[in-house]
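Chemist: next input, structure requested:
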Amino acid sequence: MSLADLAYPSLVYFHLFLFVLWLGGDVGVFLAGQHFRKRHLYTLDQRIALLKLLVLVDMTPRTAWALMVPVSLSVVTLGGYWAVPSLLLAGAWLTGLAWLWLVWDAHFHDMTPRAARNRKIEFWLKNVITIGYLGLGIVSLATGAPLAEKWLAMKALLFGLIFVAAIMIDVAFKPVGPQLGRLLKEGSSDETEVPLRRTMDRTRIWVFIVYGLLIVTSYLGTVKPF
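Modeler: Predicted structure coming up:
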């Protein structure tokens, strides 16, 4: 096969690879979080170590998420499903790489104003992309363009909903910082543990929604049922 012939299947493979990293990494984060909750089984130091591991593992799905945007549009283009305008495709790659930089730069400068700035920019960037995918899916389902295939239009819509749920994970998880700080300062007790557990329980709802949407989206892309 020529390089041109290899381009599309290679991108499809990379697209699937990102899906595996996203869902697999998220499962690792979930399991670490589950063990963090077991305060009667682990010491506080052990639980903090689990939390540090959780944050590190979480970088895998966050990386996959950022790259999924330009890769998905590239797959659509090379697959002949939609001739994505060159400027839009180039913008998607620039946006994805910028998003990736924001994620890792915030990680390496955690707990600093620089990280807070990066995460604020990332938050608004994700909101804009969310609107884009939701709009693409809705318009395509209603008019048959620019995505003529119904399964692909539905996939775009569901991808936008994944963005919504994933954003809500970060929103729901936000109180954990102060609550964890109180736990470290005052020690483990019902007063410090119960609010933290309640926040984590609320966050898990959105995690399960992301899992479900990822599974349905991958099914649509693989089976193409309609």
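Chemist: for the host helix or strand of residue 128, name the packing helices and strands.
Modeler: Element membership of residue 128 [criterion: DSSP states H and E] is helix 113-143. On a contact count with 3 or more C-beta pairs under 8 Å, 6 or more residues apart in numbering; DSSP states H and E, helix 113-143 meets helix 86-108, helix 150-173. Backbone N, C-alpha and C define where each C-beta goes, glycine included.
Chemist: what mean pLDDT does it have?
Modeler: For helix 113-143, the mean per-residue pLDDT is 97.
Chemist: tell me which residue is most central in this structure.
Modeler: For the chain, the residue nearest the mean C-alpha position is residue 65 (4.4 Å; C-alpha atoms, centre = their mean).
Chemist: my guess is that one contacts residue 23. True?
Modeler: No: contact criterion C-beta atoms under 8 Å: residue 65 and residue 23 do not qualify, at 10.9 Å.
Chemist: give me the buried positions along stretch 159-177.
Modeler: Across stretch 159-177, burial judged by 16 or more other C-beta atoms under 10 Å covers 159-166, 168-169, 172-173, 175-176.
Chemist: what's the local residue count around the nearest residue to residue 35 once chain neighbours are set aside?
Modeler: In space, and not counting its chain neighbours, residue 35 is closest to residue 50: 5.4 Å by C-beta to C-beta, 6 or more residues apart in numbering. Counted with other C-beta atoms under 10 Å, the neighbours of residue 50 add up to 19.
Chemist: element containing residue 50, please.
Modeler: Here residue 50 is assigned to helix 44-57, by DSSP H and E.
Chemist: which neighbouring elements make contact with that helix?
Modeler: For helix 44-57, the elements it packs on are helix 3-36, helix 176-186, judged by 3+ C-beta pairs under 8 Å, 6+ apart.
Chemist: can you put these in a markdown table and add distance to residue 101?
Modeler: Output for those, formatted as a markdown table (distance: least, C-beta to C-beta, whole Å):
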| stretch | distance to residue 101 |
| --- | --- |
| helix 3-36 | 17 |
| helix 176-186 | 23 |
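Chemist: so which of the ones you listed is the most packed in?
Modeler: helix 3-36 (a mean of 15; mean count of other C-beta atoms under 10 Å).
Chemist: per-residue pLDDT, residue 5?
Modeler: The model's pLDDT for residue 5 equals 81.
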